[in-house]
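> how would this look folded up:
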Amino acid sequence: MLNTSNYWIVTDLDGTLMDEIWIEKYRPTNLSEVVGQPAVTTRLKNYVKERSMPHLLFAGPAGIGKTTSALALARELFGDLWKHNLHELNASDERGIDVVRGKIKEFARTAPLGEDGFKIIFLDEADALTNAAQAALRRTMEKYARTCRFVMSCNYSSKIIEPIQSRCAVFRFKPIKSEDLEKYLKFVSSKEGLSVTKEGYESLTYLAQGDLRRAINGLQMAAAAKEEITPDIVYQAVAAARPEEVKEALQMSLEGNFSGARERLDTLQITYGLAGEDVLRQMHRSVRDLEIPDKIKVQMIEKLAEADFRLSEGANSRIQIEAVVAHFSVLGRHIKK
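Okay, the predicted model is just below:
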């Protein structure tokens with residue numbers, strides 16, 4: 001598996017490149033195929049039917065269909081001319097005011113092809129734009145509103161300035177339900193001729209956390225093993241620890257077994273190749289499943305958040321994880337048996 005700046009290239013175990021990236025191979029091409037967002041796609045289909053639409057703002061976590069919905073909308077509106085009438089930009093790559101003054105204005109001022117009378121600029125990760133760039137974008141939206149519609153996607157709508165939000169119809173995308181994830185994974189598996197166990201699908205949906213892109217990537221990485229896909233194959237392929245293993249380490253720490261918990265987490269890092277941030281993330285998720293008083297959970301999550309922040313500032317991951325385990329060992333004394 002090779003890492004590039006923007007995506008993963010999946011290889012077989014011998015290093016041979018697999019044919020295609022499955023998230024692109026199986027990307028829905030129309031709104032009816034978009035997974036797990038019925039409320040959103042119903043409204044977008046009405047725009048297609050009316051052949052008219054306002055500016056749009058798609059908000060929600062990564063991997064849940066924002067980009068796919070924008071591309072599918074353009075396909076259905078413009079038909080064979082969709083590539084000519086759609087300009088796609090990623091604001092995280094070019095986040096300054098120059099991109100608004102240059103590429104966006106250049107495309108916006110040209111006439112659309114076809115009979116719809118407008119074209120679309122899709123601005124992905126719009127919340128990465130600086131405030132100055134967003135202010136310039138707002139003026140551009142007003143100036144070219146007759147012939148150009150903007151579709152913007154973001155993870156956090158709160159990072160989009162109010163003058164832009166007020167000019168858009170806002171769509172809230174939700175994490176995709178586990179059953180919808182599993183259904184689509186089974187569709188991909190059937191197309192690729194894969195054998196996946198029930199527990200294998202459960203592992204993929206657990207790790208995806210509502211993110212279809214992550215689920216499909218995980219399936220493709222697991223498929224590189226060239227054997228039946230089980231939980232063991234999945235967790236090794238995506239470099240993640242089993243939730244029960246992390247939960248066991250947490251319980252050991254709460255029981256006062258500091259050395260045992262530290263050793264268990266060390267083993268998980270070595271076995272799965274986990275970074276410190278990955279360990280903290282999985283510990284955070286497992287804390288919610290522990291059968292302990294909420295006041296203890298609160299203190300555990302606060303400590304995990306503190307360690308996560310310190311890691312982001314460059315602290316030593318081993319020291320931070322040991323500090324977390326030590327803190328949990330002390331907290332465990334306050335749990336009533």
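> show me where the stretch 1-150 of the chain has strands.
Counting by DSSP state E, counting those that start in this stretch, the stretch 1-150 of the chain has strands at residues 2-3, 8-9, 55-59, 86-90, 119-124, 148-154.
> tabulate the ones you listed in TSV, adding columns for distance to Pro175, mean neighbour count and mean pLDDT.
All C-beta atoms are positioned from the backbone trio N, CA, C, and that covers glycine. Listed next are the strands of the stretch 1-150 of the chain as TSV, based on distance: least, Cβ to Cβ, whole Å; neighbours: other Cβ atoms under 10 Å; pLDDT from 0 to 100:
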stretch	distance to Pro175	mean neighbour count	mean pLDDT
strand 2-3	25	9	44
strand 8-9	21	12	46
strand 55-59	13	23	96
strand 86-90	22	18	87
strand 119-124	19	23	91
strand 148-154	15	25	93
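> and Ala215, which of those strands is closest to it?
strand 8-9 (13.6 Å; Cβ to Cβ).
> other residues contacting stretch 181-194?
22, 26, 35-36, 195-196, 201-202, 204-205, 208, 210, 212, 215-216, 219, 223, 229 (Cβ atoms under 8 Å, 6 or more residues apart in numbering).
> export it to CSV, keeping only CA atoms.
This file holds the C-alpha atoms of stretch 181-194, laid out as CSV (Å, rounded to 0.1, in the frame of the first residue of the first chain):
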residue,chain,number,x,y,z
LEU,A,181,-22.7,0.8,4.8
GLU,A,182,-22.9,-2.9,4.9
LYS,A,183,-25.4,-3.1,2.0
TYR,A,184,-23.0,-1.1,-0.2
LEU,A,185,-20.0,-3.1,0.8
LYS,A,186,-21.8,-6.3,-0.1
PHE,A,187,-22.6,-4.7,-3.5
VAL,A,188,-18.9,-3.9,-4.1
SER,A,189,-17.9,-7.4,-2.8
SER,A,190,-20.2,-9.1,-5.3
LYS,A,191,-18.8,-7.0,-8.2
GLU,A,192,-15.3,-7.9,-7.2
GLY,A,193,-16.0,-11.6,-6.4
LEU,A,194,-14.9,-11.3,-2.8
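> would you mark the buried spots in that stretch?
181-182, 184-185, 188-189, 192, 194 (16 or more other Cβ atoms under 10 Å).
> please report how far Glu88 lies from Lys103.
11 Å (Cβ to Cβ, to the nearest Å).
> contacts for stretch 226-243?
The contact list for stretch 226-243, computed with Cβ under 8 Å, 6+ apart, reads 12-13, 194-197, 199-200, 202-204, 206-207, 217-219, 221-225, 268, 271-274, 278-279, 282, 285-286, 289.
> buried subset of these, written for ChimeraX?
Entered in ChimeraX, the line below selects the buried ones among the contacts of stretch 226-243, by 16+ other Cβ under 10 Å:
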select :194,196,200,203,204,206,207,217,218,219,221,222,223,224,225,268,272,274,278,279,282,286
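> next one: Thr29 from Glu20, what distance?
Taking Cβ to Cβ, one finds Thr29 at 15 Å from Glu20.
> identify each buried residue in stretch 125-139, please.
Per 16+ other Cβ under 10 Å, stretch 125-139 contains these buried residues: 125-129, 133-134, 136-138.
> I'd like to know which of those are part of helices.
133-134, 136-138 (DSSP state H).
> from those residues, which is closest to Leu56?
Nearest member of these to Leu56, counting by Cβ to Cβ, is Leu137, at 13.9 Å.
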